[in-house]
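J.: got a predicted model here, sequence first, then my questions.
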Number of protein chains: 2
Amino acid sequence: MATGRTHRPATRSRGIPEATVARLPLYLRALTALSERSVPTVSSEELAAAAGVNSAKLRKDFSYLGSYGTRGVGYDVEYLVYQISRELGLTQDWPVVIVGIGNLGAALANYGGFASRGFRVAALIDADPAMAGKPVAGIPVQHTDDLEKIIKDNGVSIGVIATPAGAAQQVCDRLVAAGVTSILNFAPTVLAVPDGVDVRKVDLSIELQILAFHEQRKAGEEAEALIEAEAEAEAAAAKETRKGPDGDVPAVMPA
Amino acid sequence: MATGRTHRPATRSRGIPEATVARLPLYLRALTALSERSVPTVSSEELAAAAGVNSAKLRKDFSYLGSYGTRGVGYDVEYLVYQISRELGLTQDWPVVIVGIGNLGAALANYGGFASRGFRVAALIDADPAMAGKPVAGIPVQHTDDLEKIIKDNGVSIGVIATPAGAAQQVCDRLVAAGVTSILNFAPTVLAVPDGVDVRKVDLSIELQILAFHEQRKAGEEAEALIEAEAEAEAAAAKETRKGPDGDVPAVMPA
DNA sequence: GCGTGTGAAATCGTTCACAGCC
DNA sequence: GGCTGTGAACGATTTCACACGC
């Protein structure tokens, strides 16, 4: 969903696979840790372990960036940190605004991980007039009315939406109209954006639901030989019931 | 990533692709919204639009669950809500503990999206004795010392880690030892877990870095689109502050 | 000898396009 | 006529395995 467009047919050699891009921050984190411990070089095997991937994947990923390693030796930590940072665009400073300073917005504003990479929280914006002027993480909250001016004055191109779901699309529209072209969305809503705008979403409850799926599966496996056809039978039976004019639906979960 | 299992050779029909599982919560959300508006049926086209995917993918996804639609008509909303909920394991109640009640932990505790699906925050745990007893989101925070007891008393199998990175592995080990088999990790660390334990991670700064990559790319394309060489020269002249793309081995970025 | 870099193979995921059923 | 369900084509990603340079 994020990054649907490849509006540019023959965008030459800069073709780094999306899956690789998504792992670069992981490598960068592991490398930064090594760098802080003054480790000079690292092998693909070691770095892969630190990043939680396998070494073949890591080497393939790095091969898209260039030949930055030394055969028989490994990778120079500092050099790789720089190369990946550059590739990710972190050698420049990205001013970011956070819209929606509730619990989550405040947590984001306080999150150290932003500042330590190339990100700078340029402004906090909230619709509640009572919030205006209150400092959160040392930054005074500003009112939504001034959103456009804030974006333009600060040259912001990345926005973070941490509002309730109901407000997200409207906020998004205003951000985009004001010039924002990348959005990180924490609201549980699908955002519609024009071509050329990237949206990435983080949905806390979706992650839990995926875990629940696997958790349920584990429980089922424990019961091994026992259950085999229950779900199947139930589905079949349910489908049978609903052959009638108006579908008979089994007990639905609490909304 | 940390879902290495699937040591189950046979078992035919239960093979739902991971990519599909990851989208089921999305469909469920869209369907729940339709359900609340009392929409009785929906076509793959409409539902796909609401979920932000294309209709072919959605139909393929649903085909893994079974034949739950009606040709020429579409899908029964209530029925699908039930089927997806069941598939995801949301027809049962999942007690969850949140460890690390800082800004983020508090935000999670207050997050309505958990309770509305099958999740129940069974306990909040923090290492700070000063937090003990304080209510957050109406739930009193308990001390880490009691972690094992809390897990066992509540039959918790899903844990959320929202501690600083340094504490995450230790917390993880204790959760796992106490019986937790699924972990949602917000700490910027790779967690090592034994086989059979699932970990999903959410890293706020990684998402921003991925956006930055695309943002940088857009800027590059803009320049490219203008006039090849001239745009590049102009950009270099205009902003001499930062050493742009393509450098030899310049100074390393701020750690 | 060691560990990177990379074609080639295998696997996984998406999209196409249309047969089948309402 | 409309819309689902699905093989088959396509594309992306991962894994394998080994040649190559240090």
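T.: Yep, it's here.
J.: contact residues of chain A facing DNA strand C?
T.: A:43-45, A:55-56, A:59-60, A:62-63, A:67-75 (C-beta under 7 Å from any atom of the strand). Every C-beta, even on glycine, is put in place using the N, C-alpha and C of the backbone.
J.: looking at those, which are in strands?
T.: Of these, the ones assigned to strands by DSSP state E are A:69, A:70, A:74, A:75.
J.: the third one bridge partners, please.
T.: The one in question is residue A:74. residue A:70 (DSSP bridges).
J.: number of nearby residues for the residue of the stretch 151-255 of chain A found nearest chain B?
T.: Of all residues in the stretch 151-255 of chain A, residue A:216 sits closest to chain B, at 3.1 Å by C-beta to the nearest C-beta. Number of residues near residue A:216 (other C-beta atoms under 10 Å in any protein chain shown) recorded here: 19.
J.: hang on, it packs against residue B:86?
T.: No. Residue A:216 lies out of contact with residue B:86 (C-beta atoms under 8 Å); the separation is 9.1 Å.
J.: the stretch 51-200 of chain A against DNA strand D: which residues are in contact?
T.: A:54, A:56, A:57, A:59, A:60, A:70, A:71, A:72, A:73.
J.: neighbours of the fourth one, just the number please.
T.: If you count neighbours by other C-beta under 10 Å, residue A:59 ends up with 16.
J.: and it, what does it touch?
T.: A:44, A:69 (C-beta atoms under 8 Å, 6 or more residues apart in numbering or on different chains).
J.: now the strands for the stretch 1-150 of chain A?
T.: Using DSSP state E, counting those that start in this stretch, the strands of the stretch 1-150 of chain A run over A:41-42, A:69-70, A:74-76, A:94-99, A:119-126, A:135-136, A:139-143.
J.: residue A:103 reaches residue B:106, doesn't it?
T.: Yes. Using C-beta under 8 Å, residue A:103 is in contact with residue B:106, at 5.7 Å.
J.: may I see the ChimeraX selection of the buried members of the residues of the stretch 51-200 of chain A next to DNA strand D?
T.: To isolate the buried members of these in ChimeraX, using 16 or more other C-beta atoms under 10 Å in any protein chain shown:
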select /A:59
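J.: against DNA strand D, how distant is the residue nearest to residue A:163 when sequence neighbours are not counted?
T.: Distances taken as C-beta to C-beta, 6 or more residues apart in numbering or on different chains place residue A:100 nearest to residue A:163, at 3.3 Å, with adjacent residues excluded. Residue A:100 sits at a distance of 30 Å from DNA strand D (criterion: C-beta to the nearest atom of the strand, to the nearest Å).
J.: which ones are touching the residue in the stretch 51-200 of chain A positioned nearest to DNA strand D?
T.: In the stretch 51-200 of chain A, the residue that lies nearest DNA strand D is residue A:72 (3.0 Å; C-beta to the nearest atom of the strand). For residue A:72, the contact set (C-beta under 8 Å, 6+ apart) is empty.
J.: quick revisit: check the ones in strands among the residues of chain A next to DNA strand C for burial and list the buried ones.
T.: A:69, A:74, A:75.
J.: picking up where we left off before, got the contact list for the residue of the stretch 151-255 of chain A closest to chain B?
T.: Here residue A:216 is in contact with B:88, B:89, B:92 (C-beta under 8 Å, 6+ apart).
J.: isn't the first one up against residue A:211?
T.: In this case it means residue B:88. No. Using C-beta under 8 Å, residue B:88 is not in contact with residue A:211, being 9.8 Å away.
J.: OK, contacts around the closest residue to chain B within the stretch 1-150 of chain A?
T.: Taking C-beta to the nearest C-beta, chain B has its nearest neighbour within the stretch 1-150 of chain A at residue A:89, 3.1 Å off. Residues near residue A:89 by C-beta under 8 Å, 6+ apart: A:118, B:212, B:213, B:215, B:216, B:217.
J.: quick one: which of these sit in helices?
T.: B:212, B:213, B:215, B:216, B:217 (DSSP state H).
J.: now render those residues as CSV, adding pLDDT and distance to residue A:34.
T.: As requested, the ones in helices among the contacts of residue A:89 are arranged in CSV below (pLDDT from 0 to 100; distance: C-beta to C-beta, whole Å):
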residue, pLDDT, distance to residue A:34
B:212, 97, 22
B:213, 97, 22
B:215, 97, 27
B:216, 95, 24
B:217, 92, 27
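J.: so where's chain A shaky on pLDDT?
T.: Low-confidence segments of chain A, defined by pLDDT under 70: A:1-14, A:221-255.
J.: tell me how it divides into domains.
T.: Taking automatic domain parsing as the criterion, chain A consists of the domains A:18-88, A:94-204.
J.: need the winner for burial among those.
T.: Most buried of the domains of chain A, by mean neighbour count (mean count of other C-beta atoms under 10 Å in any protein chain shown): domain A:94-204, with a mean of 19.
J.: got the end-to-end distance for it?
T.: One end of domain A:94-204 to the other measures 25 Å (C-alpha to C-alpha, to the nearest Å).
J.: what do you get for stretch A:151-164?
T.: End to end - C-alpha to C-alpha - stretch A:151-164 spans 21 Å.
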